[in-house]
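K.L.:
Quick one, fold the following:
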Amino acid sequence: MEEKKRATISVVINTLNAERIFEQCLESIKNDADEIIVCDMHSEDRTIEIAQKYGCKIVYHERCRCAEPARNFADSQATMDWTLVLDADELVTPELWDYLHNFANNPPKDVVALEIPRETYALGKKLRSMYQSKLRRFWKTGSCEWKGHVHNIPETLYGKSVPLLPRKEGVAIQHYHIDSLQSYLEKMNRYTDLEMERFKEKKKHFSVCRLIFRPLYEFFKFYILKGGFLDGVTGFIICFMNMQYKFIQLAKLYEMEYKEKNPDLVY
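P.N.:
Below is the predicted model of the structure:
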């Protein structure tokens, strides 16, 4: 009997000045990925040097304010059976790799994509409040496509997407997104600017009630419902900053609409 061919996996990473923990990211995937594709937006730090050190296939995309516009181009470079999408500040645990290999070799019927848990760390602490249970990041090559703006979810072009089950300790992407509160504030400012495009597309409008109550709910959701109170001082700080993100987002929506209604004023 002919032996079944092992499913192969491409790892695709979009980068822009991503040297901070990029080497640790590549260390976590070098022994399990059949190819590593780095789609770079013309970095000015050691990102390309690190990618070359690990033998990555390097392609370039014009610089954008976020990675989403470049993701489809990056994914199109994958040549293996399955594609795993990572950010340069994410690590893949050995336990997750075992799961991905088993899944790729024995996918459920009509299933083309897998939704993976992600653990986010700040100040060296894993945050309960920032845990994401279903992040669509692994699929049969060519079966998913990114659409829309920042923080959007890739859509399946055919077939089904399923969550990773059962959830087990260590079977998750590890996300080191918050290296400092300063960088987190900078990202908040940049991403809230980008959210204005999404608001326009979805025709969302400002309201005073949303400005007052939506940020409060954001804090309640992260700090109480998602267990941020169990993460000590770090948890309180991050949950409060998530509330602040929502407030800034809605305040910028007010600013945008106000300026559109009053174009003759001096700003």
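K.L.:
What is the neighbour count of the residue lying closest to Ser43 once chain neighbours are set aside?
P.N.:
Computed as CB to CB, 6 or more residues apart in numbering, the closest residue to Ser43 that is not its neighbour in sequence is Asn17, at 4.9 Å. (Glycine included, C-beta is placed from N, CA and C.) Neighbourhood size, Asn17 [other CB atoms under 10 Å]: 15.
K.L.:
Return the distance of Asn17 relative to Trp97.
P.N.:
Taking CB to CB, to the nearest Å as the measure, Asn17 falls 27 Å from Trp97.
K.L.:
cool, and Met256?
P.N.:
Met256 sits 44 Å away from Trp97, going by CB to CB.
K.L.:
repeat for Thr120
P.N.:
Thr120 sits 20 Å away from Trp97, taking CB to CB as the criterion.
K.L.:
From Thr15, how far out is Asn242?
P.N.:
Counting by CB to CB, the gap from Asn242 to Thr15 is 25 Å.
K.L.:
Of these two, give the one with the bigger neighbour count.
P.N.:
Ranked by neighbour count (other CB under 10 Å), Asn242 and Thr15 place Thr15 first, with 27 against 22.
K.L.:
returning to what we had before: out of Thr120 and Trp97, which sits in the busier spot?
P.N.:
Each of Thr120 and Trp97 has its neighbours counted (other CB under 10 Å); Thr120 has more, 22 against 18.
K.L.:
Angles on the backbone of Leu127, please.
P.N.:
Main-chain dihedrals, Leu127, degrees, to the nearest 10: phi -100, psi 120.
K.L.:
show me what contacts it?
P.N.:
Leu127 sits next to Glu119, Thr120, Tyr121, Gly228, Asp231, Thr234, Gly235, Ile238 when contact means CB atoms under 8 Å, 6 or more residues apart in numbering.
K.L.:
repeat for Val11
P.N.:
Ile29, Ala33, Glu35, Ile36, Ile37, Thr83, Leu84, Val85, Leu86.
K.L.:
Tell me how far the residue nearest to it when sequence neighbours are not counted lies from Lys57.
P.N.:
Leaving out its chain neighbours, the residue that sits closest to Val11 by CB to CB, 6+ apart is Ala33, at 4.3 Å. Separation of Ala33 from Lys57 (CB to CB): 11 Å.
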